[in-house]
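>>> With the input below, show me the fold.
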Amino acid sequence: MNKIPIDVTTFVGILVALGAIVGGQILEGGHVGALLQLTAFIIVIGGTMGAIMIQYSLPAFLLGIRLIRWAFVPPSLDFEGVVEQIVTWSNTARRGGLLSLEPILLEIEDPFLKKGLQMLVDGAEPERLRESLEVEISAYEEHYRLGAKVWESAGGYAPTIGILGAVMGLIHVMENLSDPSKLGAGIAVAFVATIYGVGSANLFFLPVSNKIKTMIGQEVVRRQMVVEGLVSIANGENPRLIETKLRGFIA
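Got it, this is the predicted structure:
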């Protein structure tokens, strides 16, 4: 059974960031409870989610939601496995021709890899093979980067929504100047909303967006390796030269 590739750095990073904030609050003599304001949380997170839903279509928003898991459980990218697989196919094609690769199609689950190998077996010209697969890579990258941009946009909206929450808290304070007992709660919401807005943007939304972009970039590199390998096989290049070329992507 394959282990789930959990990204420990994401969990550690969140703990370190929250620990630094809470630790700083305690060192300053404050109470941790002062940072827990449900009203401020609802204003900032609810407002931010609403803003990005207005900006993006429903499919793009849902894609962004799904891609959050990549920050914690990134997709498995076996670059060494790609090199070994391509070299094996190259040796097979060198001995028995491109048609000898046809039985392998039944064993492949990756749609991109399967499409490329099918085109190779069907005798597609190397340049046609490259053009077709590169178009698919571009479409993949554009599609998934849209999901990453959802959280990049959230990182832009959250601080502003936090300021909005702060202003709302101060309005509440001004409305209750005659009742000192209500001033504390209003001021707390005002300042905590700002913390939530700036903190969520810089400690979660923007880092998650950048990590997703990194994962997308790595998958693009993996696919480019596949394209280069299949085109090299179509050109009849030596398996050793193909391996050397593909390892250049890893380096």
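>>> which other helices and strands contact whatever helix or strand residue 11 lives in?
Assigned by DSSP states H and E, residue 11 belongs to helix 8-27. Using 3 or more C-beta pairs under 8 Å, 6 or more residues apart in numbering; DSSP states H and E, the elements in contact with helix 8-27 are helix 69-72. Any C-beta I mention is one placed from the backbone N, CA and C, and that applies to glycine too.
>>> which residues touch the helix it packs on?
Under the contact criterion C-beta atoms under 8 Å, 6 or more residues apart in numbering, helix 69-72 has outside partners 6, 7, 10, 11, 207, 208, 211, 212, 215.
>>> thought the third one was touching residue 214?
Yep, that's residue 10 we're talking about. No - between residue 10 and residue 214 there is no contact under C-beta atoms under 8 Å: 11.6 Å.
>>> Of these two, which one has the most company?
Per other C-beta atoms under 10 Å, whichever of residue 10 and residue 214 has more neighbours is residue 10, with 18 against 14.
>>> any idea how far the helix holding residue 11 is from the chain center?
22 Å (C-alpha atoms, centre = their mean, to the nearest Å).
>>> Just the CA coordinates for the helix or strand following it, please, in PDB.
Going down the chain from helix 8-27, the next helix or strand is helix 38-41, by DSSP H and E. The C-alpha coordinates for helix 38-41 follow below in PDB (Å, rounded to 0.1, in the frame of the first residue of the first chain):
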ATOM      1  CA  LEU A  38     -16.200  34.900  16.600                       C
ATOM      2  CA  THR A  39     -17.600  38.200  15.200                       C
ATOM      3  CA  ALA A  40     -14.300  39.200  13.700                       C
ATOM      4  CA  PHE A  41     -13.800  35.800  12.300                       C
END
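>>> Report the next helix or strand after helix 38-41 in sequence order.
Next along from helix 38-41, by DSSP H and E: helix 47-55.
>>> ok now that next one, how far from the chain's centre?
When distances are taken as C-alpha atoms, centre = their mean, helix 47-55 is centred 19 Å away from the chain's centroid.
>>> Give me the residues contacting the next helix or strand after it.
Next helix or strand after helix 47-55 toward the C-terminus (DSSP H and E): helix 58-67. Identification of contacts with helix 58-67 by C-beta under 8 Å, 6+ apart yields 52, 53, 56, 143, 144, 146, 147, 148, 149, 150, 151, 212.
>>> Next up, phi/psi of residue 97, please.
Dihedral pair for residue 97: phi 90, psi 170, per degrees, to the nearest 10.
>>> Please report the distance of the closest residue to residue 75 other than its chain neighbours from residue 84.
Distances taken as C-beta to C-beta, 6 or more residues apart in numbering put residue 215 closest to residue 75, at 6.3 Å, once the chain neighbours are dropped. Per C-beta to C-beta, to the nearest Å, residue 215 is found 22 Å from residue 84.
>>> More neighbours: these two, which one.
Per other C-beta under 10 Å, whichever of residue 215 and residue 84 has more neighbours is residue 215, with 18 against 13.
>>> hang on, isn't the more buried one packed against residue 74?
Yes - at 5.4 Å, residue 215 and residue 74 qualify as touching, with contact defined as C-beta under 8 Å.
>>> Excluding chain neighbours, what is closest to the most centrally placed residue in the chain?
Residue closest to the average C-alpha location in the chain (C-alpha atoms, centre = their mean): residue 212, at 1.6 Å. Leaving aside its sequence neighbours, residue 212 sits nearest to residue 148 (C-beta to C-beta, 6+ apart; 4.1 Å).
>>> give me every residue that touches the residue nearest to residue 75.
Per C-beta under 8 Å, 6+ apart, neighbours of residue 215: 70, 74, 75.
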